[in-house]
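Participant: let's see this in three dimensions:
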Amino acid sequence: MPLLGFGTYLLRDEFECEQCVLNALNIGYRLIDTAAVYNNEDSVGRAIKKSNVKREEIFVTTKFLPANLGYDKTKRAFEASLKKLGLDYIDLYLIHLPQGDVNSSWKAMEELYKEGKVRAIGVSNFNMNQILDLVKQHNVVPAVNQVETHPFSQRTEMQNALKSLGIQMEAWAPLAQGRNNLFNQEPLVALSFKYNKSIAQVVLRWLIQKEVVVIPKSANVKRIFENFNVFDFELSANDMVTIRSLDQGSGLIYRV
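Facilitator: Now for the predicted structure:
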């Protein structure tokens, strides 16, 4: 699973989404994140087909809604996503929210995993108690917990707990959707000048150095390229601490 991917949340226009994903793949992104609720899986699938990138080089993540939780509904939701994406398999399939009959859904996902229809299964927006409950009752440990993570809500304690279980933390909204005046925070502005990088690049690099998978989204091709161009510099240990000081703990955009 690449540490840097392209998110498609709010890319609802089918042609815009298709072009953005195609741009991302052409730039070098190899992780594409979508979800049934985004209503753009078909656009993502078309972009993958139009690209010159081999399918096995692309890591595709999608998720299903709480309304589809439950054994039979999960199986049907998976097949619907697979058809819309036009793929033979999905790399990572996630429960989008911890609501409804999670355990029955996980049983269905374990079967999809064992059948080779999905290469990995995981969860999104789960807290540690919900994850531990899942681990205790089932055989397959979630590969990923995709959860809101950014400088204002860094979730270091959760990341350590996930790591102890062999679960990868993945950050949605890594740039906090620009909220809390992210792009004018003095410590980030200073680091931007120091490394001659944008604030977005500094934040994404910080998360990557923390071994958190990031999936920034943009409809602007220049920003799509900029967000990918974060592997030619490295933040110092002191600068990592500087960003850590921005953690507000409660600075969440969304609460389950």
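Participant: only C-alpha atoms from now on, for both contacts and neighbour counts.
Facilitator: OK.
Participant: could you pull out the strands for the stretch 1-150 of the chain?
Facilitator: Assignment of strands within the stretch 1-150 of the chain using DSSP state E, counting those that start in this stretch yields the ranges 6-7, 31-33, 59-64, 90-95, 118-124, 144-148.
Participant: tabulate the CA atom coordinates of stretch 145-152 in PDB.
Facilitator: As requested, C-alpha coordinates have been extracted for stretch 145-152 and formatted as PDB (Å, rounded to 0.1, in the frame of the first residue of the first chain):
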ATOM      1  CA  ASN A 145      -8.200   2.200  10.000                       C
ATOM      2  CA  GLN A 146      -8.900   5.200   7.900                       C
ATOM      3  CA  VAL A 147      -9.600   8.100  10.200                       C
ATOM      4  CA  GLU A 148      -9.500  11.800  10.300                       C
ATOM      5  CA  THR A 149      -5.900  12.800  11.000                       C
ATOM      6  CA  HIS A 150      -4.100  16.200  10.600                       C
ATOM      7  CA  PRO A 151      -2.000  18.600  12.600                       C
ATOM      8  CA  PHE A 152      -4.900  19.700  14.700                       C
END
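Participant: mind showing which ranges of the stretch 151-256 of the chain have poor pLDDT?
Facilitator: In the predicted model, the stretch 151-256 of the chain carries pLDDT under 70 at residues 250-251, 253-256.
Participant: now do the contacts for Ala161.
Facilitator: By C-alpha atoms under 8 Å, 6 or more residues apart in numbering, the residues touching Ala161 are Met128.
Participant: tell me the SS of it?
Facilitator: Per DSSP: H, G, I helix; E, B strand; the rest coil, the secondary structure class of Ala161 is helix.
Participant: for Phe15, which non-adjacent residue is spatially closest?
Facilitator: Ser43 (7.1 Å; C-alpha to C-alpha, 6 or more residues apart in numbering).
Participant: what about the one you found, distance to Asn180?
Facilitator: If you measure Ser43 against Asn180 using C-alpha to C-alpha, to the nearest Å, the figure is 32 Å.
Participant: which stretches of the stretch 101-250 of the chain form helices?
Facilitator: 102-114, 128-137, 156-164, 186-195, 199-209, 221-228, 237-244 (DSSP state H, counting those that start in this stretch).
Participant: figure out how far the longest one is from the centre of its chain.
Facilitator: For helix 102-114, the distance from its own C-alpha centre to the chain's C-alpha centre is 20 Å (C-alpha atoms, centre = their mean, to the nearest Å).
Participant: the chain should start at 36 in everything you say after this.
Facilitator: Fine by me, first position is 36 from now on; the one you just mentioned is helix 137-149.
Participant: so which bits of that helix are buried?
Facilitator: 137-145, 147-148 (16 or more other C-alpha atoms under 10 Å).
Participant: got it, and the second one?
Facilitator: Of the residues in helix 163-172, those buried by neighbour count under the rule 16+ other C-alpha under 10 Å are 166, 169.
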